[in-house]
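In: Got a predicted structure plus its sequence, pasted below:
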Amino acid sequence: MKADRVCEIRSTCPYCGVGCGVCLSADAAGGLEVRGDPDHPANFGKLCSKGSALGETVGLEGRLLAPRVGGTDTDWDSALSLVAGRFKEIIEQHGPESVGFYVSGQLLTEDYYVANKLMKGYIGAANIDTNSRLCMASTVAGHRRAFGTDTVPGTYEDLEEADLVVLVGSNLAWCHPVLYQRILRARKKRPEMKLVVIDPRRTASCDGADMHLALKAGTDAALFNGLLCAIHDAGAVDKHFVTHVNGFDETLAAASSDRDAVTGLSDDDLRAFYDLWIRTEKAVTVFSQGVNQSSSGTDKVNTILNCHLATGRIGLPGMGPFSVTGQPNAMGGREVGGLANMLACHLELENADHRAAVHEFWGSPAIAQGPGLKAVEMFRAAGEGRIKALWIIHTNPAVSMPDADAVRRAIADCEFVVVSDITAETDTARLADVLLPASAWGEKEGTVTGSDRLISRQRAALPAPGQARPDWDILAEIGRRMGWYEAFDYASPAEIFREYAALSGVAGKLGRDFDISGKAEMDDRAYDTMAPFHWPQSAGRRGGRFFADGKFYHPDGKARMVPVRYRPPEAKQAPRYPFRFNTGRIRDQWHTMTRTARSPRLAAHLAEPFLDLHPGDAARLGISHADLVRVESPEGRAILRARLTDAQQPGDVFAPMHWTGETAPCARVDALVAAVTDPVSGQPESKASVVAVTKF
Ligand code: SF4
């Protein structure tokens, strides 16, 4: 590297779960140069369009610079006293279950740790959930059912070492671009490597693929049940490995009864895929929101895991199931207890020994006795008056939750709403009683975990503007003002990380996978200079893959294959609502665009909200390309620009989920999505609502 290209400050990109490393250089005018970090093991210097435009998004326009109560700027002391006082009052009157925190995969692990400790150990309820519930809760639930814990078995290298990569419900080329590019580069070196995409839509990820299986929306479980049967019929079951697995016979029986389930694929296409998967030992199956965001998401995940467990293709180089997470720290949130049904360090809320261990470690006055309200339940409870105080941190549920209009009403009607964010200009922030100005990416210090268990530092390159403060600091201050001074007397994120690492040692002693206790003694300087590392990091184990040794985390040490029968999406197409409605991301925008909308070059990619539909459907409805169309579901309506494309199957339509009441009031597409959830994971079915489409 040339001397003038030295990486001044190493940090990580705040967008997707690839977790790319970036080099930051601030200039005197408050600008920020952002480059890929050539030494970071997630991206080796590469960045996608969003990551490379980060420098264009750090301006102060629209920033919330002071605490605000009832629309008027105030000082921190007044705002914090009000928040702590109102939470205490409501808890005293109505009990700990009457308050909730709704947090975000944008939080750093240290922020998450303090929020989780405050709610589960001190308030004594488990009503803290993260917007990661919308992203990969079904994977967490599927992993826990199969492995006994939420472990991603492999690492990114497996995607390069595989002879076959299968993308299921993942437009990796747009949603995790640097990882997709890693696969394409590996294929260039080894042209024999195959890439298969399983997705009802023909997406950008199909451009580089050998095979695209455009299955009927929601039928993934039937497809993978069929693969399990084909594995069995071909004699490809690993008889030695399945001695480490329970449930093979029942699972195969369930899969066999699904043989005739309709995937919409031809027998030839199915046969070709099954044969390829069976004969290619080094196979990685990557899955994402198309699998997770479903009323049968957990079952779909388990049908994929079942195939890898049956063949022993797990935890070995170039083999394994691989979930990719949406947000930069969705994984960190899973690990640190950001979900309403988990304790920190993969300890389980339902397990009395685990609860007792955390209770003792924290020395807290209470410990939540069971799972709290998951995201959809939490806002439903707010709408019904059961949740009386909500603290929403770095997320915009009035736009991004399913049935978003109902969620907006629930927040508006809630007795006391606090929002911590970097801007007051979101649909949710406008509903808050108290706004707390938080530090943004580029201004804060902490850690995140990428999709392959890689823990990396985020570092500050810019000063926090105005009165903005880090989230861990705001949360700890509330904890102190609620009366728990010592427990929340943190001076730095390094101190929080050490406590978290020490707690993970307790988890390790209880036989859990998440153990980074090797980092518990690090001093501040070591934390400041900490290089990315894969967990676990304990006395007995450093990084590596999981499960090739046949040791799992259920009490008997075995994995579980889970019998699954295909279930169609909950919402049924009918003459009134004939179209299957899919939502997702576009390449150059992120979530509700609070940051990416600031970059003109990102906005230029796809500049306005749209609805993709098949030309045949459009012709029947008298809709031409670029017409405005009215899209209606039982829950809500939107006005979108029609794009006619045969990438959509007849009867299916797709709309991106980024535009908000601020940026396009008629295009809040999550207002159309039914608040139907997976019964195991609580994840909403964001890809299979039903709508009617008419010319506007
Ligand atoms: Fe950021 Fe993801 Fe792009 Fe990497 S791939 S630069 S983490 S958005």
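Out: Arrived safely.

In: all contacts plus neighbour counts: C-alpha atoms, from now on.
Out: Will do.

In: how about the residues of the protein near the ligand?
Out: 13, 15-20, 47-48, 50-51, 176-178 (Cα under 6 Å from any ligand atom).

In: Could I get the phi/psi values of Ile128?
Out: phi -130, psi 120 (degrees, to the nearest 10).

In: coming back round to it: distance to Cys135 for the residues of the chain next to the ligand - can I get that in CSV?
Out: Output for the residues of the chain next to the ligand, formatted as CSV (distance: Cα to Cα, whole Å):
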residue, distance to Cys135
Cys13, 18
Tyr15, 13
Cys16, 11
Gly17, 11
Val18, 14
Gly19, 16
Cys20, 19
Leu47, 22
Cys48, 21
Lys50, 19
Gly51, 20
His176, 14
Pro177, 17
Val178, 19
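
In: Would you mind putting those residues into TSV with pLDDT and distance to Arg637 alongside?
Out: TSV is the format used below for those (pLDDT from 0 to 100; distance: Cα to Cα, whole Å):
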residue	pLDDT	distance to Arg637
Cys13	97	34
Tyr15	95	29
Cys16	94	29
Gly17	95	31
Val18	97	34
Gly19	97	35
Cys20	98	37
Leu47	98	36
Cys48	97	33
Lys50	96	29
Gly51	96	33
His176	97	30
Pro177	97	31
Val178	98	35
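
In: Could you tell me which of those belong to helices?
Out: Members of those lying in helices (criterion: DSSP state H): Lys50, Gly51, Pro177, Val178.

In: quick one on the thing from earlier: can you list the residues of the chain next to the ligand in JSON lines and add neighbour count?
Out: JSON lines is the format used below for these (neighbours: other Cα atoms under 10 Å):
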{"residue": "Cys13", "neighbour count": "24"}
{"residue": "Tyr15", "neighbour count": "24"}
{"residue": "Cys16", "neighbour count": "25"}
{"residue": "Gly17", "neighbour count": "24"}
{"residue": "Val18", "neighbour count": "29"}
{"residue": "Gly19", "neighbour count": "30"}
{"residue": "Cys20", "neighbour count": "29"}
{"residue": "Leu47", "neighbour count": "22"}
{"residue": "Cys48", "neighbour count": "20"}
{"residue": "Lys50", "neighbour count": "24"}
{"residue": "Gly51", "neighbour count": "23"}
{"residue": "His176", "neighbour count": "21"}
{"residue": "Pro177", "neighbour count": "21"}
{"residue": "Val178", "neighbour count": "25"}
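
In: which of those lies closest to Ala209?
Out: Pro177 (14.6 Å; Cα to Cα).

In: what residue of the chain is the furthest out?
Out: Within the chain, Gly622 marks the point farthest from the mean C-alpha position, 38.3 Å out by Cα atoms, centre = their mean.

In: I figured that residue was touching Leu644, is that so?
Out: No - applying Cα atoms under 8 Å, one finds Gly622 not in contact with Leu644, separated by 11.8 Å.

In: Sketch out the low-pLDDT regions of the stretch 1-150 of the chain for me.
Out: Along the stretch 1-150 of the chain, the parts satisfying pLDDT under 70 run over 1-4.

In: Okay, helices next: where are they in it?
Out: 49-52, 76-94, 109-116, 133-147 (DSSP state H, counting those that start in this stretch).

In: List the contacts of the first one.
Out: Residues lying outside helix 49-52 but in contact with it, judged by Cα atoms under 8 Å, 6 or more residues apart in numbering, are Cys13, Tyr15, Val34, Arg35, Gly36, Asp588, Gln589, Thr596, Leu602.
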